[in-house]
Structure formats: structure tokens, C-alpha cells
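J.: Fold the following for me, if possible:
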Amino acid sequence: MTNEVGRTAGAGWQIGVSRTLPHPASAVWAFLTSAEGAAIWLGTAVPERPGERYETASGTAGEVRSFRELDRIRLTWRPRDWDHESTVQVTVSGSGDRSVLRFHQEWLANAEERARQREHWTGVIDRVADALGG
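T.: Here you go, the predicted model:
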């Protein structure tokens, strides 16, 4: 085990960002899987079947590992300039008219990549919140 922040024995370097939104989970999910929402967080249409591949205009490519409607999407994530693959999980949970949106990424190469991806996903959550009005 290590004492380095963001590094685990089981999943390497990882980050997680989350935000509570003033919207029901079903509305947040519907937005994330819509063309407008997917453009913000994934950069292309959201594939829904495990094993289905995607590639964005910027060259990030991967494959869906799991897709649980109204709950979570887990996929591999490899930008064109990376020599390794990471895993991204997007989850939405909620109660009533509030929900929590989370992005978690693991198998990052090092602390620097972790910091860059934390900044990336924080920006994504900000853009999703702005688009949803909250």
C-alpha cells in the first residue's frame, strides 16, 4: 500500500469528482445520454451495449464495459496520445428532486495525469451543471 494521494494498490492512480444537482436523477441521466449531454462528457454518442466501441473527433477511443440504465456507465478511455487505457465510470444517484453526478477514473499513469484528469472532469461537471441549470 502507498501513502500517495490518489494512488491505490488495486487500481493505480485514480480520481473522482462529484456534484449534487438540483434535478431528479432521471433528468440528469436523460441529459447525459442525449446528444447534447454526451457531447459534453464523452465527445460522441453514448454507446449503450457492453463491448460497443466509440471514438471521439479528438481521438479518444474505448469500449463500453457496462451500461446500467438510470445508474451507471463504465467504459475504457484512451486518448490518442496515451500509451495506456484507463477506465471511466459515470454514475447518477438521487432522491426526489436532487441527484449526485460522479465521474471516477482509474488506471491513470501517474500523479501528473491524475491532476490533468481531475481538472478535465471538474470542467465537465461544471459544463453539465451549467447546461442543466444548476
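J.: residues in contact with stretch 45-59?
T.: 32-33, 35, 38, 42-44, 61-67, 73, 75, 79-81 (C-beta atoms under 8 Å, 6 or more residues apart in numbering). From N, CA and C alone the C-beta is placed, and that goes for glycine too.
J.: ugh, wrong one, I meant stretch 105-113
T.: Under the contact criterion C-beta under 8 Å, 6+ apart, stretch 105-113 has outside partners 4, 6-8, 11-16, 77, 82, 84-89, 114, 117, 121.
J.: Sort out for me which of those residues are in helices.
T.: Using DSSP state H, the subset of the contacts of stretch 105-113 located in helices is 114, 117, 121.
J.: And the residues you listed, which is closest to V28?
T.: W121 (15.4 Å; C-beta to C-beta).
J.: Please report how far that closest one lies from G96.
T.: 25 Å (C-beta to C-beta, to the nearest Å).
J.: okay, the two: which has more neighbours?
T.: Between W121 and G96, counted using other C-beta atoms under 10 Å, W121 has the larger neighbour count: 21 against 7.
J.: Tell me where the chain has strands.
T.: For the chain, the strands defined by DSSP state E cover 7-8, 12-21, 53-55, 61-68, 72-77, 86-95, 98-108.
J.: Make a ChimeraX selection of the buried ones in the contacts of stretch 45-59.
T.: Only the buried entries of those go into this ChimeraX selection, using 16 or more other C-beta atoms under 10 Å:
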select :32,33,38,42,61,62,64,67,73,75
